[in-house]
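Colleague: Turn this into a structure:
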Amino acid sequence: MLRAALAAGVALALACADAPATPEERVRAVLAAIEAAAEARDVGALKEHVSESYSDPRGNDARALAGIATFHFMQNRSVHLLTRVRHVEVSAPGEARAVALVAMAGTPIPGPDALPGLRADLYSFDVRLREEDGRWRVASARWEPATADDFR
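Modeller: Down below sits the predicted model:
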């Protein structure tokens, strides 16, 4: 809940700033909103950040991705994330790539040093985003297992 409020505050601050936010700042705000939606177990909020033309190397489309999220949320009463955005690159107008490490657990994750003692799923995500109607949305993503050492 706190992360959702923080993400909303960041998005509001970016929207109200005198100078327009840079594309990188806007992409980072979307990533924070996705994190907040996941922790809130809010599939509808997640879907707002996914392109209708989403596709990934595993053959998933936007609907399948929503199904994966729904299944995960049904299997887990609470979702806690530790996210480390390693890199955001806006390669061309309207196109961006983000690389992030995400640890997912059913209990709060105080920091990377706690990962070896927790039962958590660790992933490295390579996310492609596209600007659609003035909003950044996830167009594709690849993910693979990560290790606790990756988070340091």
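
Colleague: Which pLDDT does the model give the residue lying closest to Pro57 once chain neighbours are set aside?
Modeller: Leaving aside its chain neighbours, Pro57 sits nearest to Arg142 (5.7 Å; criterion: CB to CB, 6 or more residues apart in numbering). From N, CA and C alone the C-beta is placed, and that goes for glycine too. We note a pLDDT of 98 for Arg142 in this prediction.

Colleague: bridging residues for Arg142?
Modeller: Beta-bridge partners for Arg142, by DSSP bridges, are Asp126.

Colleague: Contact partners for it?
Modeller: Contacts for Arg142 (CB atoms under 8 Å, 6 or more residues apart in numbering) come out as 56-57, 125-126.

Colleague: and which of those is nearest Glu132?
Modeller: Closest approach to Glu132 among the contacts of Arg142 (CB to CB): Asp56, at 17.0 Å.

Colleague: Hmm, the closest one is touching Val138, no?
Modeller: No: Asp56 lies out of contact with Val138 (CB atoms under 8 Å); the separation is 9.4 Å.

Colleague: Please identify which of these two sits among more neighbours.
Modeller: The neighbour comparison of Asp56 against Val138 (other CB atoms under 10 Å) goes to Val138, with 23 against 17.

Colleague: For the lengthiest helix in the chain, which residues meet the burial criterion?
Modeller: Identified as the longest helix of the chain according to DSSP state H is helix 23-39. Neighbour counts over helix 23-39 (16 or more other CB atoms under 10 Å) mark 23, 26-39 as buried.

Colleague: CA-only coordinates of the helix or strand immediately after it in the chain in PDB, if you can.
Modeller: Sequence order places helix 43-47 as the next helix or strand after helix 23-39, per DSSP states H and E. Provided in PDB are the C-alpha atoms of helix 43-47 (Å, rounded to 0.1, in the frame of the first residue of the first chain):
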ATOM      1  CA  VAL A  43      -4.100  -7.100 -12.300                       C
ATOM      2  CA  GLY A  44      -6.200  -4.300 -13.700                       C
ATOM      3  CA  ALA A  45      -3.600  -1.700 -12.800                       C
ATOM      4  CA  LEU A  46      -0.900  -4.000 -14.300                       C
ATOM      5  CA  LYS A  47      -2.800  -4.300 -17.600                       C
END
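
Colleague: chain center to helix 43-47: distance?
Modeller: 11 Å (CA atoms, centre = their mean, to the nearest Å).
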